[in-house]
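**Q** Any chance you could fold what I've pasted below:
(chains A, B, C, D and E, ligands or ions: 5)
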Amino acid sequence: MSTNTSSIPAAPARLPHPSPRRILLKRAREHRGLVIGGAIVLAVVLIALFAPLIAPHDPYAQDLSKRLLPPVWSEKGSWEHIFGTDALGRDYLSRILFGARISLLIGISAAIGSGLIGTTLGLLAGYFGGRVDSVVTFIVSVRLALPVVLVSLAVVSLFGGDLWIVVTVLSLLLWDRFAVVVRSATQQLRNQEFVTAARAMGASTPRILIVELLPNLIGPLVVIGSLEVAHAILLESALSFLGLGVQPPTPSWGLMVSEGKGLVFFDARLIALPGAAIAILVLGINLIGDGLRDVLTPEGRS
Amino acid sequence: MSVLSVRNLKVTIPTHGEPLHAVRGVDIEVGAGETLGIVGESGCGKSVTSMAIMRLLPGRISVTADEMRLGDTDLAAMSERQMADIRGDRMAMIFQEPMTALNPVLTIGRQMSETWMRHRRGSKREALEAATDLLDRVGIPHPRERLGVYPHQLSGGLRQRVMIAMALLCDPQLIIADEPTTALDVTVQAQILDLLASLQQERGLAMIFISHDIGVVARIAGRVQVMYGGRTVDGGPVGELLGHPKHPYTRALLSSVPRRGMRWGRDTLGSVRWSEDAPEASS
Amino acid sequence: MIRFTLKRLAIAALVALVVSGISFGLMFVSGDPAIAIAGEGATEDDIAVIRARYGFDRPVPVQYAEWIGRAVQGNFGDSIYFSKPVVDLLAERFPATATLGVLAIGVAILLAIPLGIIAAIRQNRLPDRAALTFGTIGQATPSFWLGLMLIWLFAVKLRVLPVSGSQTLAHFVLPALVLGYYAAPSMLRLCRAGMIDALSSDYVRTARAKGLLPRQVIFGHAIRNAILPVISVAAVEFGFILGGSVVVESVFGIRGIGLLAWESIARNDFPTIQAIILVYAMIYVWLTFLADVINAWLDPRIRVS
Amino acid sequence: GPDDNSLVWSAQKELTAADTYFDTSREAIVVAQHVYDGLVFWDQEAQEFKPLLASEWRQIDPQTLEFDLREGVTFHDGSSFGTEDVVYTLNFVIDEKNGVLNYGDIKWIKSAEAVGERTVRIELNEPFPAALSYLALVLPIVPEGHFDKAETGSDGTKRFASVPPVGTGPYKVTSFGNGDTVVMEANEAYFDGPKGKPQIAKLTYRTITDAATQIAELMTGGIDWVWGISNDQAENLAQAPHLTSVNAPTMRISYLTFDLKGTSGTDVFTDAKIRKAVGHAIDRARIAKYLMGENSEVVNAACHPSQFGCTTEVTAYDYDPEKAKALLAEAGKADGFSFDLYGYRDREVTEAIMGDLAKVGIKANLRWLQYSAARDLIREGKAPAANMTWGSSSIPDVSAITSYFFGGGPDDPAKDPALQEAIRRADLSSDRDVRLASYAEALQLIADEAYWLPLFSYTKNYSYNAQLDFTPSADEMPRFYATSWK
Amino acid sequence: MSDIVMELRDVRRTYRIGGGMFGKQRDLHALDGVSLQLRRGEVLALVGESGSGKSTLSRILLGLEAPTSGEVFLDGAPVASIRRRAFAARVQPVFQDPYSSLNPRKTVRQIIEAPLVIAGGVAASERLRRVRELLDILRMPERMLEAYPSQMSGGQRQRVAIARALISRPEIVVCDEPTSALDVSVQAEVLNLLMELRAEFGLTYLFISHDLAVVEYIADRVAVMQSGRLVEVADAEALFAAPAHDYTRRLLASALTVPAESSEA
Ligand SMILES: Nc1ncnc2c1ncn2[C@@H]1O[C@H](COP(=O)(O)OP(=O)(O)OP(=O)(O)O)[C@@H](O)[C@H]1O
Ligand SMILES: Nc1ncnc2c1ncn2[C@@H]1O[C@H](COP(=O)(O)OP(=O)(O)OP(=O)(O)O)[C@@H](O)[C@H]1O
Ligand SMILES: [Mg+2]
Ligand SMILES: [Mg+2]
Ligand code: NI
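**A** Residues are numbered from 1 along each chain as shown, chains lettered A, B, ... in the order given. Ligands and ions are numbered 1, 2, ... in the order given. The predicted model follows:
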């Protein structure tokens, strides 16, 4: 080769780049919110998975002669029922432990369902633009114009509070953020030269959408996904609180608050415990979502 | 006596890993009526140097210098408030992107007059007078009408002229122009360079002109400093530097610049190769 | 501007149409509304009478078209439960919800904007972390729970505020706090992000290079740009507050639209539910339109061109 | 409160009207008792009817009743009360076209006419021994032309419910808010009848839909009187020195009803053995004791023991899980089965039932609905089983429950001709003994076949300001006109 | 085979613009009757100011966009009649921005072999062999195979982009300002590389640039564009020696280059 090449010592400022994954992991480990949120959620997930092993009692077993027993920290409490019992004499701790399953199941299923809907719509709108975009934008505004709480209440009251009906309703109502974010992210990506390059290579549209674009959307999807899990859990608890969520005797936290609210002034643990469980789980998930957003944002300004 | 004199400027930026020594001992001297060009490739620390002189870097970035004075003012000793009094008044800056460097929701008149009112404590009317005057001087047609206009209503070239007018408003001793023409079209770039050169001559300004483009620097600067990896590796009057580069890096750099009349096959562009095959820092 | 307005109005009308179609459809997939309307003690004959009276025996699209035709004239039919015009019911209930909504959005703005700005200015320092924690906790706390806890504290223990109802302004304090706190975090984040963007923008750097004082930079340059999106979001958020007031109204016994909606659902009072969903949709559409106009008005890049 | 001699009472129900014709809820009956008067008065303590708007009455024949009206009574609007008002009211409500909601309670009336200056005659469609009970409780008299003031709704029907209430009762309505607050003031001109003169000057009804909020209001003095709270709430409220809580029996009973025809998608309950197994599986005494309170009792017959004609001597299905399992095995369901259990009131009770059923291997899936929706499904035979309740509108007669549910009407799950015949005999007879015997026969039949599984009687919890001189009565009918501050 | 590999005949391309929130829609003629021939083996440079339609022309050449009117021919056959993939294998792009032209979620190997994967019919081992071979030709270390774009310098990225363009052995490479985002020293390297590869692979280049010195260095012929029209097409040496068109002269005058007397390094 006939190039006259001068060798210069490397500029000391140029450090070799560690791989993107290593950087992400390092940043994740250093993010306090993410670590706390991760610990909370991990704990709840473990509880949900091993509920049958760790729960001291059957969460459905009633004993009317042992109803409303106080928790262990009150004078009359006993270790037999650490959080006491509810109005039907069921062990409160066991119900709360099993409640984690319901919340996580609903939250995650609804987020996946809405994620599928929202991502598909957002991808199509963002990539094709024009008329497709107008149609999707219109669908999004219709969806946003529907009051979520009201419509889900109405649907659940019509079709009954089956767990999967609740999940379906939430999936159908919570996809808007996915669609909006994916759409605008796709719009930006669409104009990136690597997409043009893929087209110039003769890549088919599905290939561009799935192979080229989708992997680049994983960051925002994971972030919104986690926030929507939290959103769905909160909504389910609100529906249950209003008496139109999952049906008893399923141990859902929102339902437990609803059942205990009549005694809020006398036996505050009945609502304080499940309410706090919701708040802590949602807090944990939100911390993860926010943390991931910070970590995945290209320049994590810190 | 030089308008700006900086000795052994060091800037260290904390990062997730090792702190980044972005500037590692740079000296700068500019006299009245002189234009100093600073060239160097992307990421070599040009902008950080200029921001350090303006003391515009965020607090977490550490800036040290053996000496940093503007006229007889020791910039390093100034409080933040005193520095604010100097910025825009005695030293001004022109940035690369005229599109984003102007506030999109404020009129040109407002953005210009507030500088004047801040430093000259005059009335709004006087400020607008001064602004009109300068807009006229930088060759903006119908300056009075432009005062009520928003940045997005102007073309890139006009916007950069507004930036220049704004920088000159309080008659500074020193102007730092950080790649003021990089975002512009070639034809507009030439006009802006000519404008800057003539204003600088006319007012006897000291000017630091930063660019990655040796061609541009050669056109406007009297003296050039070549930066590489946070250090000044070479410097001197333009003709001398271009004609007899001392440092191997300068030589390599110059050999890689395509010049008029060069043809592949007949001439060959050289290229800088680092001794390690280390990837460069991304910006 | 006129073109834009007309286009928006057309879309708004279309949205309202589809939304009402959805709510109307819901009513019919649920089965024969006549049976629900007939209520306790009704015979097959009664149901047939009702079916004929409400016109449920005709094809659904025809009924829908008629319903829309009347709704356009402001006639949503009669509430089955109260047997009076839904419009009158809405008019009776709206003031409470509107008061709650306005107070809540006020609370949200007063919390979100100053906190967001302070958080951005003191980014990653104590005030920022405190504001973000405050926001994250707000987003994680179920509002029914917070409402009950506040009632317990302020109305039962301290006895400084009434428990429920909507008679005086004092009745609205707790619900407005709960709802406002629920709406504040998203605005806070937006305001903080907008402010951070603004503070790290080139024009703020220019402002500082011009020697402007921090106060001038923040108030004269950064806030204007940072608050732009917040204002339009506030308008939209107001719609969400109204929609989300069901829970809070039921906890605090505020007899507004939200509670009416919930009760109507429980009572199968279809005309009322349908009207409320449509009204909410219209409010939302109208608010987004307002947000766009405000945005266009505040942003010279859109206003002047 | 006692300071201004006013009383605020509260329940969860939102009123749509102040009369019993256009709002059949218990609260509406209570309000109607204060705003209106019926022809006669049922004295709960003395267990007898007393003159109210009628000064005297007589039974002309099994299908004719005659009433002499009280003199000197005026309506709240100042107009005087006379035969035309009674005739108007009765003829208005028996006209099916007017869509009176409690038409089922009324349809025994054929017509009403004035037969003298102050005498009204009521013709019956058929002999109806319980007539006076209905006249006392659910047939308030309105002034002549009262409902003519109704506006016409958008669907062309008259909005009778929204006519401002005007009656002769001890309280007059001064404001009928949005149905959530009804303000009543003492009627100074009220005649000296069995209800007595009202003592409390101002009576306010407030709808509070949330039980927790109700309790908070009660504890802070926002309201003075509340009912319908749960046992646990009542017990806890009793701890507060300024409150009194009472657990009072009511005429409401809880029962399980089954899809006896097998039209709901499962035919398990067509087998009497299964129904009986269910009966033996549920520990009714325990549920009654723990969830209803000390005044609740297990009920075996399909009626409330305090009602006329209700016998307790019927086949009982005592708690015996082993027997339940044996019956299940006999019916070929040794491994149990699962079904949808509908319910609408007191979820804890239904859940407790589900808990007991689970112990013998029967899995119930809860379907929680509004009353009307649940009732519709039961009528259509789409609900395999439902846990329902019935309060008989406080009418102390078995006809208000047993006849209603097993007399062959739309709510009859059995449509058993022998049963219907026995009930008909009882309903139409005016001979006390014949009625008692026939009802007993019917009730025995229901129990033997386990068409229904009556569970226990309901109690109602009252909690009120301790300074209030109030005594709950067994008929779920608070009488504020007879209440005063100590 | 004729000497002309690609040809544009009276190509026009209009965009509808405006119609945003307030504005009215109107037509923008990005290309206004352009006829141009690309000869086998040559380097044809396209210059002109920003917005003159250079990128639009390159997109049409790459088949990414259809002209509003006019025709494009590849080896004499109308492009519209050639199957998308067959066309893609013969004409490949190199874009301007080395940061956005590589998918940040893919490794170098995945990026370079993508054209083969899309075209299909090449075994994985064969693909890997060809990727290795190209990396070697482009003087990139083999350990880069599994690296991500964010771990590479701008020059390395641009080499990956070039490797991707070459792996399917195309005849024509359309380079839209391939060096304008690079530092001069890296630019020199990329330019040299492109010219060496031309000989090795027998390539034809359409080379878009706004830098006249670069154009002069590599181009055989130069086409000058101004607001959607070709104002001058000429042999490079002739054009730089004596620009015929006024606009070309203006362009040349405003170009800033290092003075010639210093070119003795
Ligand atoms: N705020 C900052 N935080 C972290 N690193 C920074 C920051 N500002 C600059 N750097 C780093 O400091 C080094 C010098 O940057 P600088 O902007 O001065 O380069 P430059 O010579 O102006 O380059 P260019 O020609 O691209 O403008 C670079 O490695 C850059 O990534
Ligand atoms: N997709 C599009 N929609 C609308 N207008 C477009 C589109 N693509 C290009 N244009 C317009 O067409 C004109 C030509 O654009 P083009 O990108 O080809 O110019 P260019 O010569 O490549 O400029 P540059 O040197 O800035 O890259 C410009 O005015 C541009 O704004
Ligand atoms: Mg720079
Ligand atoms: Mg271009
Ligand atoms: Ni350049």
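
**Q** Identify each buried residue in stretch B:152-172, please.
**A** Applying a neighbour-count criterion of 16 or more other C-beta atoms under 10 Å in any protein chain shown, one finds B:152-154, B:156-170, B:172 buried in stretch B:152-172. Quick note: C-beta positions are derived from backbone N, CA and C, even for glycine.

**Q** what about residue B:124, how many residues close to it?
**A** Using other C-beta atoms under 10 Å in any protein chain shown, residue B:124 has 13 neighbouring residues.

**Q** Quick check: phi and psi on the closest residue to it other than its chain neighbours?
**A** Nearest-residue entry for residue B:124: residue B:113, 6.0 Å, with adjacent residues in sequence omitted and distances by C-beta to C-beta, 6 or more residues apart in numbering or on different chains. Here the main-chain torsion angles of residue B:113 (degrees, to the nearest 10) amount to phi -70, psi -30.

**Q** Residue B:113 contacts residue B:122, doesn't it?
**A** No - with the criterion set as C-beta atoms under 8 Å, residue B:113 and residue B:122 do not qualify as a contacting pair; they are 9.1 Å apart.

**Q** shared neighbours, those two?
**A** Overlap between the neighbourhoods of residue B:113 and residue B:122 consists of residue B:130, taking contacts as C-beta atoms under 8 Å, 6 or more residues apart in numbering or on different chains.

**Q** Looking at the two, which has the bigger crowd around it?
**A** Counted by other C-beta under 10 Å, residue B:113 and residue B:122 do not tie: residue B:113 has more neighbours, with 24 against 14.

**Q** need the strands for the stretch 51-200 of chain D, in chain order.
**A** Remark: strands of the stretch 51-200 of chain D, listed N- to C-terminal, are D:54-61, D:64-69, D:109-116, D:119-124, D:171-176, D:181-186; assignment by DSSP state E, counting those that start in this stretch.

**Q** residues making contact with the fifth one?
**A** Okay, so that is strand D:171-176. Strand D:171-176 has contacts (C-beta under 8 Å, 6+ apart) with D:15, D:18, D:34-35, D:76, D:164-166, D:181-187, D:198, D:203, D:480-481.

**Q** Any quick PyMOL command for the buried ones out of those residues?
**A** Entered in PyMOL, the line below selects the buried ones among these, by 16+ other C-beta under 10 Å:
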select buried, chain D and resi 15+18+34+35+76+165+166+181+182+183+184+185+186+187+198+203+480+481
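
**Q** In TSV: the strands of the stretch 51-200 of chain D, plus mean pLDDT.
**A** Written out in TSV, the entries for the strands of the stretch 51-200 of chain D read as follows (pLDDT from 0 to 100):
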stretch	mean pLDDT
strand D:54-61	89
strand D:64-69	91
strand D:109-116	90
strand D:119-124	92
strand D:171-176	89
strand D:181-186	90
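
**Q** Any buried residues in stretch D:164-174, and which?
**A** Within stretch D:164-174, judged by 16+ other C-beta under 10 Å, the buried ones are D:165-173.

**Q** How about stretch E:40-51?
**A** Neighbour-count burial for stretch E:40-51, counted by 16+ other C-beta under 10 Å, picks out E:40, E:42-49.

**Q** for stretch C:232-246, same thing?
**A** Using 16+ other C-beta under 10 Å as the burial criterion, the residues of stretch C:232-246 that qualify are C:232-246.

**Q** of the residues you listed, closest to residue D:346?
**A** residue C:246 (23.8 Å; C-beta to C-beta).

**Q** Setting aside sequence neighbours, what's the nearest residue to the closest one?
**A** Using C-beta to C-beta, 6+ apart and skipping residues adjacent in sequence, the residue nearest residue C:246 is residue C:258, 3.9 Å away.
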